[in-house]
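> Got a sequence here, can you model it:
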Amino acid sequence: MRTRTFRLTIYLRCSGCNIVADDELKMALSKPMLLLSPMFVYMGMEMTFWMNVYGTALGYTLRFGTERERLVGLNGMVVGAGQIAGGFIYGLSANWFRKRGRDLGTLIALLLHFAAFYLAFVTLPDTASLEETDKRSYFAIDSSLAMICSFLLGFGDAGWNNPLFSLLDTLHPHNPVAAFAVFQGYQAIGNLISFAYSTCLTLPYQLAILVVAGVAGQFGFCIVEWKAVSDEVKAHMSKCASVASQLSEGTVATSVCDLDLTETKV
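Predicted structure coming up:
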């Protein structure tokens with residue numbers, strides 16, 4: 001009896017896992033998630049860059065002298081400080097970005113990343129991500145610029161996360177855990193791709209790939225964001241029309257609708 005109960009429990013659990021896996025697979029292949037996938041992949045590639053490539057490049061740049069080992073550790077701390085600052089500022093500005101469009105928040109984050117990529121390009125030697133080198137860079141080696149780049153990478157990373165998680169919650173309010181799991185799956189693909197090419201491509205080529213991926217991610221995010229806002233407006237107008245049909249005075253329903261539409265981006 002116990003054996004049968006145990007087998008039945010395992011079967012039910014496995015069946016539940018299969019159902020969850022099927023739902024997540026369908027969600028991952030849905031149109032909104034496919035449009036957001038370039039952004040997910042870019043975030044994984046960018047994470048690999050600041051966690052692995054950029055710190056390695058700092059340590060391999062011999063012109064930093066005795067500071068280069070210290071800069072490798074400081075890079076992680078400064079990136080973390082940038083993420084904390086970005087999360088704090090974006091958290092306080094969440095309602096402001098929601099009214100004016102979450103795509104504005106990701107655009108600002110993308111521009112901050114581009115600024116960081118430019119600083120990395122002009123301050124570090126081309127081959128610094130692959131081997132120790134004492135080659136000259138376009139600008140004089142400056143540890144302060146290197147740390148500014150680290151801070152921008154962390155701040156921009158938070159700028160991508162906050163609007164994205166807000167959008168995922170809007171798209172899948174009843175199953176945000178599955179949506180986040182899909183995001184992590186695509187992000188892991190970006191990690192894998194970035195780790196693969198980071199062992200053979202010099203720094204300028206890696207930065208160029210990140211720029212292209214970032215633009216593609218922003219483009220896909222904008223399409224999904226605009227569609228989500230449009231659906232919210234349509235749903236609200238439909239609700240207002242339903243209320244108006246049930247009320248004897250249409251002015252009351254109109255005032256209720258106008259109250260909410262002032263906080264909705266058209």
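> tell me the SS of residue 192?
Following DSSP: H, G, I helix; E, B strand; the rest coil, residue 192 is assigned to helix.
> For it, which residues are in contact?
Counting by C-beta atoms under 8 Å, 6 or more residues apart in numbering, residue 192 makes contact with residue 44. All C-beta atoms are positioned from the backbone trio N, CA, C, and that covers glycine.
> Residue 63 versus that one, what's the distance?
32 Å (C-beta to C-beta, to the nearest Å).
> likewise residue 33?
Applying C-beta to C-beta to residue 33 and residue 63 gives a distance of 44 Å.
> And for residue 55?
Applying C-beta to C-beta to residue 55 and residue 63 gives a distance of 16 Å.
> Could you check which of those two has the larger neighbour count?
Between residue 55 and residue 63, counted using other C-beta atoms under 10 Å, the more crowded position is residue 55 (20 against 16).
> The more buried one: helix or strand, and which one exactly?
Secondary structure from DSSP states H and E places residue 55 in helix 54-60.
> Show me what that helix is packed against.
With contacts defined as 3 or more C-beta pairs under 8 Å, 6 or more residues apart in numbering; DSSP states H and E, the packing partners of helix 54-60 are helix 68-92, helix 143-171.
> Run the angle between the last one and helix 68-92 for me.
So that's helix 143-171. Angle between the axes of helix 143-171 and helix 68-92 is 40 degrees (criterion: axes from the mean of the first three to the mean of the last three C-alpha atoms, to 10 degrees).
> And stretch 183-194, what's buried?
183, 185, 186, 187, 190, 191, 193, 194 (16 or more other C-beta atoms under 10 Å).
> my bad, should have said stretch 85-92
86, 87, 90.
> Tell me if I'm right that the last one and residue 98 touch.
No - using C-beta atoms under 8 Å, residue 90 is not in contact with residue 98; the gap is 11.3 Å.
> picking up where we left off before, which one of the buried residues of stretch 85-92 sits closest to residue 210?
Set against residue 210, the nearest of the buried residues of stretch 85-92 by C-beta to C-beta is residue 86 (17.8 Å).
> how about that closest one, what does it touch?
109, 154, 155, 156, 157, 158, 159, 162.
> can we see that at 6 Å?
Residue 86 sits next to 155, 158, 159 when contact means C-beta atoms under 6 Å, 6 or more residues apart in numbering.
> what's the nearest residue to the second one if we skip its chain neighbours?
It stands for residue 158. The shortest distance from residue 158 to any non-neighbouring residue, by C-beta to C-beta, 6 or more residues apart in numbering, is to residue 86 (2.9 Å).
> measure that neighbour to residue 113 for me?
11 Å.
> now swap in residue 40 and tell me
15 Å.
> Checking my notes, residue 126 in a strand, right?
No - under three-state DSSP, residue 126 falls outside any strand and is assigned coil.
> Can you tell me the closest non-neighbouring residue to it?
Distance criterion C-beta to C-beta, 6+ apart; nearest residue to residue 126, sequence neighbours excluded, is residue 202 at 4.7 Å.
> Okay, strands next: where are they in the chain?
Under the criterion DSSP state E, the chain contains no strands.
> Check the contact between residue 78 and residue 147; I expect there is one.
Yes - shown here, residue 78 and residue 147 form a contact pair, counting by C-beta atoms under 6 Å, at 5.1 Å.
> burial of the residue lying closest to residue 68 once chain neighbours are set aside, as a residue count?
The shortest distance from residue 68 to any non-neighbouring residue, by C-beta to C-beta, 6+ apart, is to residue 59 (5.4 Å). Applying other C-beta under 10 Å, we find 18 residues neighbouring residue 59.
> For residue 59, give me the pLDDT.
At residue 59, the pLDDT value in this model is 88.
> quick one, phi psi at residue 138?
phi -70, psi -40 (degrees, to the nearest 10).
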